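> Sequence plus predicted model, see below.
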Amino acid sequence: MEIIKQFVFSFMSTIGFAVLFNSPKKSIIHAGLVGAIGWMFYYISFITMDSYVASTFFGALTVGLLGEFLARKNKKPATLYITAGIIPLVPGAGAYYTMLYLIENNFSQAATKGVETLFIAAAISMGIIISSLFSRSIKRVRQKD
Amino acid sequence: MTYLKDNEREEVKKLLVLATLAGRLMLKSGAETYRVEDTVTRICQSRKEIQYVDAFVIPTGIFISLEYKGELISYIKRVKTISINLNKIALVNEFSRNFVNSQMSIDDGIKEIKRISKINIYSNVTKALFGAIASSFFCLLFQGTKLDFISSFIVSFIVSFLINHISRLKVSFFIDKFIGSVFISILSYFLIKLGIGENLDKVIIGAIMPLVPGVAITNAIRDTMSGDFMSGLSRGMEAVFSALAIAFGVGIVLIFS
């Protein structure tokens, strides 16, 4: 039950962001699905591994791979799906809390939250870079054939 | 040394202008810098015998120079505001592919770019509505209750209109985000006092989600990891100061509440 709820929530918020980012109408639903499936991978691996950074990495890798797949299928740039799809994973709240703790003179909390935010952002970036490597190598193999 | 004929030079200059316009439109719509560099170079190399093109793109400007029959021509374009518009990125991408693979004239190309830059697929109301949907479902993802959901929807809907008006004045992203988050926290505070909503922090977190620089942080690190250090730094600065503006805005209201 909880998993279905999480799926719906992340799907809706990704769709909301896809419209805010002016996605073309045809790709909104796709972007929502990419975001929701990515969040599912994050959620399930968080339950099993209990690590924010590692599970964010797996979520982002899923988003990246799905985005590259849809990009190839629809002949559109992959950013269309990836930018909106990573939204549920993105550490926006973390960045906000870091700055809020700094303003409140709570430096040790700020450092903890800041490093966590940075690592989560790095994990997302790595997931996306690795997934784009995959798609590039597939392209190269196909060109050889 | 052979000198270029005037009409030839005009033609090359026009090509350069087209490439810059296309690049600027992409950059303004939030495209990655490597994609802009790639598009610009490919547009330039598609016509004439241009031996050498190089583009240097950072989020705040485009620098291109090309060599045509021994003459160097360069162009610099400053870019100020970036707001993410995925539709325009997709359209310019498609345009550059068409332009490179067909015999479209350069004037037609410039017209096409100008047409793309005016396309707006969603009205402000639709955007505010979907922004509110995004915020309120985020509030639920952060374990907010049903009442929190309703109040973050209302707050986000109202504030996105407000931010739209402020950003039209083109002051600075910092001021936009600061004022936006001040209003978000004031509205959330009053809604919770009225009994719509239970957890102030959940409502605020949901409602600030459209302002928060999550994508900017991720892109900054992505650029840095792929070796584009300048654009990584520039986007990173944007992200840090956006977060600071929001925290200032929320912090000021929370002190008084």
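Ah, there it is.

> need the contact list for the closest residue to residue A:131 other than its chain neighbours.
Excluding its sequence neighbours, the residue lying closest to residue A:131 (CB to CB, 6 or more residues apart in numbering or on different chains) is residue A:64, at 2.8 Å. Where you see a C-beta, it was placed from the backbone N, CA and C, and this is true even at glycine. Applying CB atoms under 8 Å, 6 or more residues apart in numbering or on different chains to residue A:64 gives the contacts A:78, A:82, A:127, A:128, A:129, A:130, A:131, A:132.

> Switch the residues you listed over to CSV; also include distance to residue B:239 and secondary structure.
Listed next are these as CSV, based on distance: CB to CB, whole Å; DSSP: H, G, I helix; E, B strand; the rest coil:
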residue, distance to residue B:239, secondary structure
A:78, 22, coil
A:82, 18, helix
A:127, 18, helix
A:128, 16, helix
A:129, 18, helix
A:130, 22, helix
A:131, 22, helix
A:132, 21, helix
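
> Who wins on neighbours among these?
residue A:82 (30 neighbours; other CB atoms under 10 Å in any protein chain shown).

> Spatially nearest residue to it, not counting backbone neighbours?
That would be residue A:67: by CB to CB, 6+ apart, it lies 4.0 Å from residue A:82.

> and that neighbour, what pLDDT?
At residue A:67, the model reports a pLDDT of 92.

> thinking again about what came up before, send over the helix or strand hosting the residue nearest to residue A:131 as PDB, restricted to the C-alpha atoms.
According to DSSP states H and E, residue A:64 maps onto helix A:52-74. This file holds the C-alpha atoms of helix A:52-74, laid out as PDB (Å, rounded to 0.1, in the frame of the first residue of the first chain):
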ATOM      1  CA  TYR A  52      20.700   7.800   1.200                       C
ATOM      2  CA  VAL A  53      23.700   8.200  -1.100                       C
ATOM      3  CA  ALA A  54      23.700   4.600  -2.500                       C
ATOM      4  CA  SER A  55      20.000   4.400  -3.000                       C
ATOM      5  CA  THR A  56      19.900   7.800  -4.700                       C
ATOM      6  CA  PHE A  57      22.600   6.600  -7.000                       C
ATOM      7  CA  PHE A  58      20.500   3.600  -8.000                       C
ATOM      8  CA  GLY A  59      17.400   5.800  -8.400                       C
ATOM      9  CA  ALA A  60      19.300   8.200 -10.700                       C
ATOM     10  CA  LEU A  61      20.800   5.400 -12.700                       C
ATOM     11  CA  THR A  62      17.300   4.100 -13.400                       C
ATOM     12  CA  VAL A  63      16.100   7.500 -14.400                       C
ATOM     13  CA  GLY A  64      19.100   8.000 -16.700                       C
ATOM     14  CA  LEU A  65      18.800   4.600 -18.400                       C
ATOM     15  CA  LEU A  66      15.000   5.000 -18.900                       C
ATOM     16  CA  GLY A  67      15.600   8.600 -20.100                       C
ATOM     17  CA  GLU A  68      18.200   7.400 -22.700                       C
ATOM     18  CA  PHE A  69      15.900   4.600 -23.800                       C
ATOM     19  CA  LEU A  70      13.000   6.900 -24.300                       C
ATOM     20  CA  ALA A  71      15.200   9.400 -26.000                       C
ATOM     21  CA  ARG A  72      16.300   6.800 -28.500                       C
ATOM     22  CA  LYS A  73      12.800   5.600 -29.000                       C
ATOM     23  CA  ASN A  74      11.200   9.000 -29.600                       C
END
